[in-house]
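Chemist: Give me coordinates for this.
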Amino acid sequence: MKLSKYTPVLVGFLLATTGLLAHAALPEPIDPREVANMTFEQRVEQGHVIREEMKKATPQERKAFREKMHMKMQALSPDERKALHEKMRAEWHGLTPDQKEQLKKERKAMMEILTPQERKEIREERRKAMEKLSPEERKKWHDEMHKSSKGD
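Modeler: Sure thing, here's the model as predicted:
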């Protein structure tokens, strides 16, 4: 079999394509309703899976993932979002202090994966979201997020 002068180019292209395909993209975000129906253990396990994939992803892939998650939440009706929020809040209050601490560590570990620029973008997104809340909602949210661990 005679090899053409383009064989090295084709081999390089195939290797590059295979390398891109092997770099697994982040999975599709789970529907918020499904997440709300998961047990604590299932949510923690799902968080581990997502965090491992986030470590491998590029900043652009992580941003696209966050945008998809946001879109899935926005696709819910306001009543559905409120019901999910209330359900998750009630479950949070039902967790043991150790479970709450575990979730806090998980969130911190997820943030440590991000670049400083990504963390800055997320802070800005949160700031803009807070601006949309009424002063009463903002105060309620702030008070709840800044409760002492002993008061949980």
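
Chemist: Could you check this structure and say which of its helices or strands has the lowest average pLDDT?
Modeler: Lowest on mean pLDDT, DSSP states H and E among the helices and strands of the chain sits helix 7-22, with a mean of 45.

Chemist: The next helix or strand after it: which residues count as buried?
Modeler: Next along the chain after helix 7-22, taking DSSP states H and E as the criterion, comes helix 32-36. Applying a neighbour-count criterion of 16 or more other C-beta atoms under 10 Å, one finds 32, 35-36 buried in helix 32-36. Where C-beta positions appear, they are placed from N, C-alpha and C, glycine not excepted.

Chemist: wait, isn't residue 54 in contact with residue 62?
Modeler: Yes - with contact defined as C-beta atoms under 8 Å, residue 54 reaches residue 62; the gap is 5.8 Å.

Chemist: Geometric centre of this structure: which residue is closest?
Modeler: Closest residue to the average C-alpha location of the chain: residue 66 at 5.8 Å, with C-alpha atoms, centre = their mean.

Chemist: tell me the contacts of that one?
Modeler: By C-beta atoms under 8 Å, 6 or more residues apart in numbering, residue 66 lies in contact with residue 122.

Chemist: which SSE is the residue lying closest to residue 28 once chain neighbours are set aside in?
Modeler: Leaving aside its chain neighbours, residue 28 sits nearest to residue 68 (7.0 Å; criterion: C-beta to C-beta, 6 or more residues apart in numbering). According to DSSP H and E, residue 68 maps onto helix 59-74.
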